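Peer 1: Structure, please.
(3 chains)
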Amino acid sequence: MLHIVNKSPLDRPSLDTCLATAQPGGALLLIEDGVYAATTGNAAAGKLTQAMGQLKVYALQADMEARGVADRVLDGVTPVDYGGFVDLVTEHTTCQSWL
Amino acid sequence: MAIEINGKSYETDEEGYLVDLNEWNEDVAKILAEQENVNMTDQHWEVVNFLREYYNEFQIAPAVRVLTKAIGKKLGADKGNSQYLYELFPYGPAKQACKIAGLPKPTGCV
Amino acid sequence: MSEGQIKKFMYVNRKAPHGTIYALESLEVVLIAAAFDQDVSLAFMDDGVYQLKKGFNTKGIEVKNFQPTYRALDDYDVNKLYVEKEALEARGLTAEDMVVPVEIMSRAEIGKLMETQDIVLSF
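Peer 2: Numbering: from 1, shown residues only, chains lettered A, B, ... in the order given. From the prediction side, this is the model:
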């Protein structure tokens, strides 16, 4: 299934709960303030990298650009545009947004 | 509300400010100036163009105190004072000049 | 407030930009209040430091890019900007990532400054 996180990992526990809940083989899409987790040097970068063994991780390009962090994306994160966002939603039968 | 020029319509808000600043051109400015009873001279254009440049750079219409100071820096002390600016725009340089420049109402305009 | 009486105002910014409206609201209040000639300082803590991260391009999310406006703060005589050291470190950021000149301080130092204020506004 697809997991979506839109909160900063240093402001809310949404990413932590998501990573602890998500089962191997799923996908994680980071949007809005959630994209900060996918930036180099962020305190959450380590656990996100660790999760990549089990989850495919995507981040919305427009949200990274808006925050000035598009040039510091963590290795292993796949940037997607809005079309890619829609594709991810349709490719997965279920979707959980960790609001 | 809207302004009509040669069949093209330019939308304005309830206070007469241009809704989309990208639609601005000198013809629109002249109509907006007429509505404010301002007769545009070179000195008026100088202030209006200054405001547009300031907005481009900082994404904000400056408060009158800031405008005065910034104009003084750019155009000289004889123009960077509120008396000069109020002579050009009697109902408030920030408010009237911003409107003519197609900018939103200045933040901090009291 | 009576004329001639200068008070110390501190705006405490702790939210990332765009995800909530706090960053933009704070900036607008600062600019409006600057007309009153008070002693103003801005503190950026936690995710608030992201407000000053250089290089916003908001075309894709179709919201106004308010980052250039931080560079106008100096025109408004707002030039005391304090950024939390621990927050920068937790986000892999340094002073060079900031869009305007700032003073980097520890949480404890910001805490002490906060104690000296007449008014603290939280965003």
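Peer 1: Low-confidence stretches in chain A?
Peer 2: Applying pLDDT under 70 to chain A flags no residue at all.
Peer 1: I'd like to know how far A:R67 sits from chain B.
Peer 2: 17 Å (C-beta to the nearest C-beta, to the nearest Å). All C-beta spots, glycine's among them, are computed from the backbone N, C-alpha and C.
Peer 1: I meant C:R14, not that one.
Peer 2: 22 Å.
Peer 1: how many other residues sit next to that residue?
Peer 2: 20 (other C-beta atoms under 10 Å in any protein chain shown).
Peer 1: for B:I100, same thing?
Peer 2: B:I100 has 29 nearby residues by other C-beta under 10 Å.
Peer 1: try the one 4 residues further on
Peer 2: A count of neighbours around B:P104, defined by other C-beta under 10 Å, yields 16.
Peer 1: longest helix of the chain?
Peer 2: Assuming you mean chain A. helix A:82-91 (DSSP state H).
Peer 1: switch to chain B, that's the one I care about
Peer 2: helix B:42-58.
Peer 1: what about that one, near chain C?
Peer 2: Yes - in terms of C-beta under 8 Å from any C-beta of the partner chain, part of helix B:42-58 sits within range of chain C, namely B:57-58.
Peer 1: so what secondary structure elements neighbour that helix?
Peer 2: helix B:64-75, helix B:82-88, helix B:98-100, helix C:67-70 (3 or more C-beta pairs under 8 Å, 6 or more residues apart in numbering or on different chains; DSSP states H and E).
Peer 1: Please list the outside residues in contact with the third one.
Peer 2: In this case it means helix B:98-100. B:15-18, B:29, B:32-33, B:36, B:38, B:40, B:44, B:48, B:51, B:61, B:104-106 (C-beta atoms under 8 Å, 6 or more residues apart in numbering or on different chains).
Peer 1: same thing with the second one?
Peer 2: Defining contact as C-beta under 8 Å, 6+ apart, one finds that helix B:82-88 is touched by B:38, B:41, B:43-44, B:47, B:64, B:67-68, B:71, B:78-79, B:92-93, B:97.
Peer 1: in that helix, what counts as buried?
Peer 2: By 16 or more other C-beta atoms under 10 Å in any protein chain shown, the buried positions in helix B:82-88 come out as B:84-85, B:88.
Peer 1: Which of the helices and strands in chain C ranks last by mean pLDDT?
Peer 2: helix C:22-33 (a mean of 94; mean pLDDT, DSSP states H and E).
Peer 1: Which SSE is immediately downstream of it?
Peer 2: strand C:39-44 (DSSP states H and E).
Peer 1: okay, the angle between that next one and helix C:22-33?
Peer 2: Angle, strand C:39-44 to helix C:22-33, by axes from the mean of the first three to the mean of the last three C-alpha atoms, to 10 degrees: 170 degrees.
Peer 1: quick one: strand C:39-44 to chain centroid distance?
Peer 2: Here strand C:39-44 is found 6 Å from its chain centre; the criterion is C-alpha atoms, centre = their mean, to the nearest Å.
Peer 1: helices and strands around it, which ones?
Peer 2: strand C:8-13, helix C:22-33, strand C:81-84, helix C:107-115.
Peer 1: The residue of chain B found nearest chain A - how many residues pack around it?
Peer 2: As assessed by C-beta to the nearest C-beta, chain A sits closest to B:Q59 within chain B, at 14.2 Å. When neighbours are counted by other C-beta under 10 Å, B:Q59 registers 16.
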